[in-house]
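Enquirer: Below are the sequence and a predicted model; questions follow.
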Amino acid sequence: MINYDDFLSHSAEQMKESAIRRMGTVLAQSRNTISFAPGYPAPDTFAWNDFTEITRDLLTGVDGSVLQYGPTRGYKPLLEEIAGIMTSRGVTSTPDQLLITTGSQQGLDLVARVLLDPGDVVLVELPTYTGAITAFRNVQASMVGVPQEGDGVDLAALEDTCARLLREGRRVRVLYVVPNFQNPTGLLIGLEKRQRLLAWAERRNVLIVEDDPYRELYFEDSTTEADVRPIKADDASGRVVYLSSFSKTLAPGYRVAWIDAPAPLAAKFEMAKQAEDLCTGALDQRVVYEACRRGVLQRQLPLLRRHYQQKRDVMVEALTREFKDDLSWPSPRGGFFLWATLPPQIDSDVMIARAVENGVIYVAGEAFFVNGAGRNIIRLAFSAPSHDRIREGVTRLGETVRQELAAIEAVAR
Ligand SMILES: Cc1ncc(COP(=O)(O)O)c(C=O)c1O
């Protein structure tokens, strides 16, 4: 037998399966399990009829480019459409700043490859998005966490951490943030704080990577478009690499997303992408382009905001009923996630086995921390299950937590 471990690169040795993908495997094993684990959009919101019509129109065989290789940068009319989207978000972008990627996940991978050498420091929020952790870990970057406040990353802690690292002779290259309805906490970085982050990055000569897939999904009962203004909108000097995606608004299956970056960096991302996939799927880009051009995306957005706001309400109501004081969470003003803190004696990773037995799953908080914290926290995605399944899932979760607390108490006695 060959021992393949001997053949692995240093970076491959450190690769780990994502906690969320692992939960997907658990889910596949049992159809009746209610999943609050992956942040999947609700499939009943997909514009099925429009997609059918668009795909039929595209696949007549008249235009061969629909199924052909295309430019690495992306399908030009879609890039122009994205420049228009960026304008509506307050950002002026020229074509040499834009690149279409195979999901924002590829964007994160490109950012990591192009900007980080092994040992370079990337500052991340505590907690942060697991997919970014994966991308940064794969290039052997060193991730250092900065605590959050109610309105996002703690600026004083950010400055202290950075100063300490620089004193230790480390190279601090990048600050990674998800400013709108962060995965996993659902938090929003305050507008004033966004400005101060930019000023801080300028002072410390650090690049900001702004990952923004959820911004369109703000809940109109508490949030307006003004609250989700990108950091990049005020970026006069080219400090910000901005990523966004059609995954949460049209459908993740198309894998169409984009990077908006200063032109010299965008050119490097393009070179790195050439080695990964040559180009994003041509048909996918064409469907997404048509969905933008024909007004499908614009029509969908208000529906999605209402859809997910209602689900947030259903989950909050069910949790309040089920848990009283045993669980606390910041109420999300947008996005897909609710970040819930359990009593301190519970280890949410250990509790997963009991949750699976009871037919419900979540992601244990630890997966989102680069410092081992988060043991008694869980991330609950309310986006995909129906209202009834959310209520039933919360009942099962309540049962799970009560059983777990009783088991811990029995051991302590
Ligand atoms: C913060 C964040 N960034 C990036 C992604 C990846 O999105 P995409 O489907 O575009 O690859 C996700 C998906 O959950 C996310 O939550």
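Expert: That came in fine, so what should we check first?
Enquirer: do you know how far Tyr214 is from Asn358?
Expert: Note on Tyr214: its distance to Asn358, by Cβ to Cβ, to the nearest Å, is 29 Å. C-beta coordinates here come from the backbone N, C-alpha and C atoms, glycine included.
Enquirer: Also Tyr69?
Expert: For Tyr69 relative to Asn358 (Cβ to Cβ), the value is 49 Å.
Enquirer: check contacts around the closest residue to the ligand within the stretch 1-150 of the chain.
Expert: Residue of the stretch 1-150 of the chain nearest the ligand, by Cβ to the nearest ligand atom: Gly103 (2.6 Å). With contact taken as Cβ atoms under 8 Å, 6 or more residues apart in numbering, Gly103 is in contact with Ser245, Ser247, Pro252, Arg255, Val256, Ala257.
Enquirer: separation between the fourth one and the ligand?
Expert: In this structure, Arg255 lies at 7 Å from the ligand, with Cβ to the nearest ligand atom, to the nearest Å as the measure.
Enquirer: what's that residue in contact with, if anything?
Expert: Thr102, Gly103, Ser247, Thr280, Gly281, Asp284.
Enquirer: likewise the last one?
Expert: The neighbourhood of Ala257, defined by Cβ under 8 Å, 6+ apart, consists of 100-107, 213, 243-247.
Enquirer: phi, psi of whichever residue of the stretch 251-400 of the chain sits closest to the ligand?
Expert: Per Cβ to the nearest ligand atom, Ala257 is where the stretch 251-400 of the chain lies closest to the ligand, at 4.1 Å. Backbone geometry at Ala257, expressed as degrees, to the nearest 10, gives phi -150, psi -180.
Enquirer: excluding its backbone neighbours, what's nearest it?
Expert: Ser245 (3.6 Å; Cβ to Cβ, 6 or more residues apart in numbering).
Enquirer: My read is that the one you found contacts Ile259, right?
Expert: No - the criterion here is Cβ atoms under 8 Å, and Ser245 misses it with Ile259 at 10.2 Å.
Enquirer: Those two: who's more crowded?
Expert: Counted by other Cβ atoms under 10 Å, Ser245 and Ile259 do not tie: Ile259 has more neighbours, with 26 against 22.
Enquirer: Okay, and the more buried one sits in which element?
Expert: Taking DSSP states H and E as the criterion, Ile259 maps to strand 256-260.
Enquirer: Lowest-scoring secondary structure element of the chain by mean pLDDT?
Expert: Least confident helix or strand of the chain, by mean pLDDT, DSSP states H and E, is helix 19-29 with a mean of 63.
Enquirer: Just give the strands next to the next helix or strand after it in its sheet, each with its orientation.
Expert: Sequence order places strand 34-35 as the next helix or strand after helix 19-29, per DSSP H and E. Sheet partners assigned to strand 34-35 using DSSP bridges are listed as strand 360-361 (parallel).
Enquirer: what about the partner strand, distance to the chain center?
Expert: 20 Å (Cα atoms, centre = their mean, to the nearest Å).
Enquirer: Show me which residues of the helix or strand harbouring Val356 are buried.
Expert: Element membership of Val356 [criterion: DSSP H and E] is helix 348-357. By 16 or more other Cβ atoms under 10 Å, the buried positions in helix 348-357 come out as Ser348, Asp349, Met351, Ile352, Ala355, Val356.
Enquirer: Need those residues in CSV (columns: distance to Ala412).
Expert: Compiled in CSV, the buried residues of helix 348-357 are given as follows (distance: Cβ to Cβ, whole Å):
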residue, distance to Ala412
Ser348, 18
Asp349, 19
Met351, 16
Ile352, 21
Ala355, 21
Val356, 24
